[in-house]
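K.L.:
after the sequence you'll find the predicted model.
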Amino acid sequence: MVRFSDRSNSIRPTGVRRMFDMAGDDAVQFGLGEPDFQPPEIAIEAFTRAMREGRNKYTTTAGLPELRRKIASMWHHLVPTLDESNICITMSGTNALLDIFLATVNPGDKVMIPEPYFPLYPPDVVICGGQPSFYPCKFENGFVPTISDLEEIVDDNTVAILYNFPSNPTGGNVNEEQRDELVEFARSHDLWLISDEVYDRIVYDAPHVSFLGAGYDKMVMIQSFSKTFAMTGWRIGYLLSPDDGLMGELTKMQYYVTACSNDAMQYAVLEALEKAPEYPEEMCKEFKERRDLICERLNSIPGVSCHVPTGAFYVFPKVEAPGLSSDQLAIKLLEEGVLCSPGTAFGEAGEGHLRFAYTIGRDDISRGMDRVEKALAGLTGSSELD
Ligand SMILES: Cc1ncc(COP(=O)(O)O)c(C=O)c1O
């Protein structure tokens with residue numbers, strides 16, 4: 001008899017991937033969250049050079065000390081005492097997430113997760129034996145949770161809360177005052193504060209507001225170079241915590257998950273940080289233009305309303321489509337040649353929404369929006385006839 005674990009049986013493939021697999025070649029692709037840029041040329045050269053120079057071996061589990069020192073220095077404006085011991089290089093933010101739940105969650109423990117959420121969060125908690133408890137990030141509150149919503153959900157079994165700003169899928173973001181309240185909530189319940197800040201370099205209109213250095217050290221930050229240097233396929237990121245005990249446990253978990261990160265790639269990332277520090281800002285300028293374009297187009301369509309996000313490269317508009325679920329609507333749009341993700345791919349609270357990733361050029365955005373406009377007008381037309 002073939003038998004799989006309950007853990008594996010309980011987890012479904014993500015809705016984002018499902019739509020992607022259904023899309024035809026001519027669809028305008030607002031589906032996947034990865035920059036349509038290439039990594040800095042200097043990093044590609046350094047990667048190749050490092051391999052030729054023999055950097056093809058295991059590294060220490062926490063990663064290349066020079067790279068960790070460089071990363072620590074990048075955060076000294078928030079926590080001047082950070083050093084290489086506060087950082088563990090991982091093979092992506094995805095890897096970092098798993099390490100955290102492995103190190104902090106016991107069977108039966110609850111982890112508070114935002115909803116709508118990045119689809120890996122709940123399964124990761126489940127894989128580690130825990131239970132996700134969802135707190136709402138509502139459209140009317142700019143996708144930032146209220147403290148009373150959090151208080152309603154927290155209980156004695158809750159060990160951690162995960163914040164994700166700028167957010168995937170909503171593009172929601174916090175200001176300092178909101179951040180301080182969220183930190184205070186974690187402190188008042190003695191929770192691990194897990195802050196997923198992989199979009200920290202893709203912010204518009206105001207500087208990034210980090211949860212690091214906000215006066216609560218029982219925290220860990222998830223970071224990734226996927227978006228920062230458009231290297232999603234490289235798989236490299238890091239964990240950073242001011243808590244030495246936690247860093248020890250995370251590094252131990254990292255050893256058992258992947259032993260260490262990629263040797264040559266760490267030299268390439270170091271080169272990018274040192275020699276192409278302006279790269280993320282340059283990329284961000286283009287994302288800002290696209291954000292302005294897509295928000296303007298969406299907000300001009302009857303029945304669609306959309307916040308103008310201040311970070312990441314997603315919009316999560318509310319879309320009126322009488323009689324259609326967000327899943328059905330996304331499939332209708334796909335038939336009209338537009339690939340986006342149904343809001344429910346990010347949890348039930350995403351019903352009534354669609355997610356568009358503006359990781360395509362402005363001409364394609366305009367072409368896609370023309371199709372969305374036409375498709376939605378068709379829907380309204382038919383519902384009026386009904
Ligand atoms: C919010 C968030 N966290 C973490 C990740 C993981 O990124 P990676 O595994 O590419 O580093 C992603 C990727 O889309 C994300 O959107």
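P.N.:
Perfect, I can see it now. Bear in mind the structure is a predicted one, so any value in this text is a computation, not a measurement.
K.L.:
show me where this structure has its helices.
P.N.:
6-9, 15-22, 41-52, 65-74, 93-104, 121-127, 147-153, 176-188, 225-228, 244-258, 263-275, 279-299, 326-335, 362-385 (DSSP state H).
K.L.:
doesn't residue 340 make contact with residue 355?
P.N.:
Yes. Contact criterion Cβ atoms under 8 Å: residue 355 and residue 340 qualify, at 6.2 Å. For glycine as for every other residue, the C-beta is placed from the backbone atoms N, C-alpha and C.
K.L.:
now for these two: what residues contact both?
P.N.:
Taking Cβ atoms under 8 Å, 6 or more residues apart in numbering as the contact rule, residue 355 and residue 340 both touch residue 30.
K.L.:
about what we covered before: among the helices of the chain, which is the most enclosed?
P.N.:
Highest mean neighbour count among these (mean count of other Cβ atoms under 10 Å): helix 225-228, with a mean of 25.
K.L.:
go ahead and name everything in contact with that helix.
P.N.:
34-35, 92-93, 198-202, 231-232, 234-237, 269, 272, 280, 313.
K.L.:
and what of stretch 66-86?
P.N.:
Contact partners of stretch 66-86, identified using Cβ under 8 Å, 6+ apart, comprise 62, 65, 87-89, 210, 212-213, 223, 238, 240-242, 244, 247, 266-267, 269-270, 273-274.
K.L.:
restrict these to those that also contact the ligand, please.
P.N.:
Restricting those to those within reach of the ligand (Cβ under 6 Å from any ligand atom) leaves nothing.
K.L.:
now do the contacts for residue 50.
P.N.:
263-265, 267-268.
K.L.:
can you check the pLDDT for it?
P.N.:
On the pLDDT scale, residue 50 is placed at 98.
K.L.:
next one: residue 335 from the ligand, what distance?
P.N.:
26 Å (Cβ to the nearest ligand atom, to the nearest Å).
K.L.:
who in this structure is up against the ligand?
P.N.:
33, 92-94, 118, 164, 168, 196, 198, 224, 226, 232, 237.
K.L.:
any idea which of those residues has the most stuff around it?
P.N.:
residue 196 (28 neighbours; other Cβ atoms under 10 Å).
K.L.:
give me every residue that touches that one.
P.N.:
93, 97, 118, 162-164, 221-222.
K.L.:
now the residues you listed as CSV including pLDDT?
P.N.:
Compiled in CSV, the contacts of residue 196 are given as follows (pLDDT from 0 to 100):
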residue, pLDDT
93, 97
97, 98
118, 97
162, 98
163, 98
164, 98
221, 98
222, 98
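K.L.:
and the contacts of stretch 144-161?
P.N.:
Contacts of stretch 144-161 (Cβ under 8 Å, 6+ apart): 104-106, 108-112, 114, 130-131, 133-138, 165, 172-174, 178, 181-182, 185-186, 189, 191-194.
K.L.:
from those, which land in strands?
P.N.:
110-112, 114, 131, 133-136, 192-194 (DSSP state E).
K.L.:
if we take those, which one ends up nearest to the ligand?
P.N.:
Nearest to the ligand out of the ones in strands among the contacts of stretch 144-161 is residue 114 (Cβ to the nearest ligand atom; 9.8 Å).
K.L.:
distance check, the closest one against residue 194.
P.N.:
11 Å (Cβ to Cβ, to the nearest Å).
K.L.:
shared neighbours, the two?
P.N.:
Contact criterion Cβ under 8 Å, 6+ apart; residues shared by residue 114 and residue 194: 162-163.
K.L.:
how much space between the spatially closest residue to residue 255 that is not a sequence neighbour and residue 259?
P.N.:
Once flanking residues are discounted, residue 255 sits nearest to residue 61: 4.5 Å by Cβ to Cβ, 6 or more residues apart in numbering. Residue 61 is 7 Å from residue 259, where distance means Cβ to Cβ.
K.L.:
neighbours of the spatially closest residue to residue 101 that is not a sequence neighbour, just the number please.
P.N.:
Using Cβ to Cβ, 6+ apart and skipping the chain neighbours, the partner closest in space to residue 101 is residue 128 (3.9 Å). If you count neighbours by other Cβ under 10 Å, residue 128 ends up with 22.
K.L.:
surely residue 128 meets residue 105?
P.N.:
Yes. Between residue 128 and residue 105 there is a contact at 4.6 Å, judged by Cβ under 8 Å.
K.L.:
break this structure into its domains for me.
P.N.:
6-39+279-385, 41-275 (automatic domain parsing).
K.L.:
ok, of these, where does mean pLDDT dip lowest?
P.N.:
When those are compared by mean pLDDT, domain 6-39+279-385 comes last with a mean of 92.
K.L.:
what's the distance between residue 347 and the ligand?
P.N.:
Residue 347 is 13 Å from the ligand, by Cβ to the nearest ligand atom.
K.L.:
ok, that residue - contacts?
P.N.:
By Cβ under 8 Å, 6+ apart, the neighbours of residue 347 are 115-117, 122, 134.
K.L.:
for these, which one is nearest the ligand?
P.N.:
Comparing the contacts of residue 347 against the ligand with Cβ to the nearest ligand atom picks out residue 117 as the nearest, at 8.6 Å.
K.L.:
so that closest one sits against residue 133, correct?
P.N.:
No. With contact defined as Cβ under 8 Å, residue 117 does not count as touching residue 133 (11.7 Å).
K.L.:
the more surrounded of those two?
P.N.:
residue 117 (25 against 18).
K.L.:
can you report how many residues lie near residue 305?
P.N.:
12.
K.L.:
spit out the contact partners of it.
P.N.:
Taking Cβ under 8 Å, 6+ apart as the test, what residue 305 contacts is 298-299, 317-318.
K.L.:
could you rerun that using 6 Å?
P.N.:
Shown in contact with residue 305 (Cβ atoms under 6 Å, 6 or more residues apart in numbering): residue 318.
K.L.:
quick one on the thing from earlier: just name the closest of the contacts of residue 196 to residue 324, please.
P.N.:
residue 118 (24.8 Å; Cβ to Cβ).
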